[in-house]
Structure formats: C-alpha cells, structure tokens
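Q: sequence unknown, structure follows:
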Ligand SMILES: [Zn+2]
C-alpha cells in the first residue's frame with residue numbers, strides 16, 4: 001500500500017566534511033562545501049498518526065535506507081528543474097521512547113534553488129510530504145492483516161485503541177516541499193489539501209500504465225503470500241501439530257513471505273518423511289496412517 005505523510009524540515013547550513021563525502025557519493029559531479037546547502041528532515045516515526053496508522057519500529061532502519069538517494073521536488077512537478085534536493089543520509093534516531101527516521105538532504109546552491117533555500121531558512125517551506133510503499137498493515141489489537149479482522153482504526157477495544165501497524169518497507173518515493181506559513185495555525189496544513197495518492201500523481205504525470213502494472217504486481221504478491229499462508233496452515237493441520245486453525249492463522253499473519261516459504265519447505269519435508277507413499281496427496285494420507293505406518297521407524 002502507498003503511504004503518504006507530512007513531516008518537518010530542520011535547520012540547515014554548510015555541510016561537514018563527512019556530509020560532503022556522502023553528498024558526493026550521490027552527486028554526479030564533485031561538489032564543494034560552498035556549493036551545497038544541507039538541511040535535516042524528520043521522516044517517518046513509530047507513533048500513531050492522524051490516519052490511525054504507525055510504522056513498525058523494527059521496519060524503520062530498512063525504510064531509512066530506501067530514502068537515501070531520493071529527490072525532493074517543488075510543486076509536485078516532475079521535471080528535472082524542480083528536483084532541487086536529494087537525501088544523502090538517513091538513520092533511525094530514538095528520543096524519549098519515540099523512534100524516527102532522520103534524514104539529511106542537500107540542495108545545490110544557485111538559480112531557482114536559492115529561492116527554495118531562502119524559503120526553508122524563513123520557515124516557509126517548513127514541511128515536506130513523503131511517500132513510501134509498505135508491504136503489510138496489521139491490526140494492533142489482534143495482529144491480523146488490517147481489514148480482515150473487524151477491528152477499526154481509532155476504535156477502543158478493552159481500553160486499547162486500534163491502529164494499523166505498517167510493516168515491510170518496499171520502496172520510498174520522492175518527497176515534495178509543502179509551502180506553509182512560518183506562523184501557521186493548527187489546521188492550516190489540512191486546508192492546503194496537499195495530500196495526494198500515488199494514483200493521482202500517476203494520472204497527472206501520464207504514467208497510468210506503469211502505475212497499473214505495479215499495482216497488479218503488488219496485488220499478485222499479496223495473493224501469493226495469502227496462498228503460501230494457506231498452504232502452511234494446511235500442512236500444519238495435516239501433520240496434527242496440536243494447534244487449532246485460528247491460532248495458526250494468527251501466527252501466519254505475523255510472518256513474512258520469506259519465513260512462510262521456509263516454513264512451507266520444512267513442513268513439506270516433514271510430511272514426506274512421515275507419509276512417503278502419499279506425499280503427493282498429504283491431506284488424504286492422514287486417514288491411512290494406521291495401515292501404512294508399519295514400515296516407519
Ligand atoms: Zn484486529
């Protein structure tokens with residue numbers, strides 16, 4: 001699923017030697033400290049936001065890596081001219097129990113970029129909108145895939161407010177500057193209506209076909225994971241591991257596709273050990289175990 005969030009721009013200035021090295025690892029040319037302006041951004045954190053969602057704390061380091069090299073654009077225009085900033089470093093910072101991704105970006109000074117720098121300095125371009133793709137959203141109350149269990153974001157269950165926990169970072173997108181007044185009042189940000197979906201962006205940029213293709217692939221991936229989960233549950237039940245289906249479903253919903261593949265392989269191997277003759281039809285073999293187990297060690 002696509003996730004879009006607004007976030008804050010920190011103070012900026014001249015890069016340190018270490019930062020300049022990281023910048024030049026991203027930049028094509030060799031830039032000097034005088035040529036670039038550096039600022040920090042607070043990207044995603046692990047707190048519940050106004051959409052009733054939060055990023056999984058353990059997913060943040062991987063998501064941070066995905067943001068490195070991503071460009072920042074002004075006015076949602078996708079021309080190379082409007083790509084003014086680029087993230088060159090990102091890490092997870094923990095403060096007062098809150099983990100968040102702190103990123104550093106640079107802007108190459110000169111021309112149009114100087115206006116953007118002046119706006120950042122003045123606090124006008126204080127916020128950026130960031131987007132990323134996450135593989136899964138799970139219910140914070142029961143751990144099921146969000147939307148499959150009946151728990152609703154923002155509702156309270158036995159004193160626990162439900163939220164969707166976003167897991168498995170897949171991609172991070174370009175970020176864009178959102179112009180907000182330095183002295184903004186609460187609520188002004190929402191009135192700007194700058195939240196857009198990837199689909200809207202794709203329509204605007206004329207890349208609908210690419211978007212649809214990606215969407216289709218993502219759906220296929222989700223379906224595949226669902227099938228894998230079903231297969232693992234079926235194997236567990238066939239092997240009489242003593243776990244009820246609801247328990248297995250709950251476990252499977254918390255496991256990644258890679259882990260499911262390993263589980264399936266291990267369970268299949270065990271199945272073949274136990275029911276060598278019927279390994280093609282392991283489900284049917286369960287009834288015949290009494291007859292055929294005579295040769296088993
Ligand atoms: Zn739930």
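A: Perfect, I can see it now. These numbers come from a predicted model, not from an experiment.

Q: which secondary structure elements does the lengthiest helix in the chain contact?
A: Ordering each helix of the chain by length in residues (DSSP state H) puts helix 208-238 first. If contacts are counted by 3 or more Cβ pairs under 8 Å, 6 or more residues apart in numbering; DSSP states H and E, helix 208-238 sits against helix 198-205, helix 245-253, helix 257-274, helix 282-285. For glycine as for every other residue, the C-beta is placed from the backbone atoms N, C-alpha and C.

Q: which of the ones you listed sits closest to the ion?
A: The ion lies closest, by Cβ to the ion, to one member of the helices and strands packed on helix 208-238: helix 245-253, at 9.6 Å.

Q: quote the end-to-end distance of stretch 23-30.
A: 9 Å (Cα to Cα, to the nearest Å).

Q: avg pLDDT for that stretch?
A: For stretch 23-30, mean pLDDT is 83.

Q: what comes up buried for that stretch?
A: 23, 24, 26, 27 (16 or more other Cβ atoms under 10 Å).

Q: can you redo those as TSV with distance to residue 275 and secondary structure?
A: Below are the buried residues of stretch 23-30 laid out as TSV (distance: Cβ to Cβ, whole Å; DSSP: H, G, I helix; E, B strand; the rest coil):
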residue	distance to residue 275	secondary structure
23	60	helix
24	61	helix
26	56	helix
27	60	coil
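
Q: now for those, which pair is the farthest apart?
A: Within the buried residues of stretch 23-30, two members stand farthest from each other by Cβ to Cβ: 24 and 26, at 7.3 Å.

Q: where in the chain is the helix or strand with the lowest mean pLDDT?
A: Within the chain, confidence by mean pLDDT, DSSP states H and E is lowest for helix 188-191 among all helices and strands, at a mean of 25.

Q: any low-confidence regions in this protein?
A: Applying pLDDT under 70 to the chain picks out residues 1-11, 75-83, 125-126, 179-197, 277-297.

Q: residue 88 and residue 248: what is the separation?
A: To residue 248, residue 88 is 45 Å away according to Cβ to Cβ, to the nearest Å.

Q: with neighbour numbers in mind, choose between those two.
A: Neighbours were tallied for residue 88 and for residue 248 using other Cβ atoms under 10 Å; the higher tally belongs to residue 88 (24 against 18).

Q: residues contacting the more buried one?
A: Residues near residue 88 by Cβ atoms under 8 Å, 6 or more residues apart in numbering: 19, 22, 23, 25, 26, 68, 69, 104, 105, 106.

Q: what does the stretch 151-297 of the chain put close to the ion?
A: For the stretch 151-297 of the chain, the contact set with the ion under Cβ under 5 Å from the ion comprises residue 151.

Q: can you give me the neighbour number for the closest residue to the ion within the stretch 151-297 of the chain?
A: Using Cβ to the ion, the single residue of the stretch 151-297 of the chain nearest to the ion is residue 151, 3.3 Å away. Neighbours of residue 151 under the rule other Cβ under 10 Å: 18.

Q: name the helix or strand for it, please.
A: Under DSSP states H and E, no helix or strand contains residue 151.

Q: my read: it touches residue 141, true?
A: Yes: assessed by Cβ atoms under 8 Å, residue 151 is found in contact with residue 141 at 4.6 Å.

Q: give me the common contacts of these two.
A: Jointly contacting residue 151 and residue 141 under the rule Cβ under 8 Å, 6+ apart are 157, 162.

Q: who's in contact with residue 53?
A: Residue 53 touches 3, 137, 153, 163, 164, 165, 166, counting by Cβ under 8 Å, 6+ apart.

Q: this completes my enquiry, with thanks.
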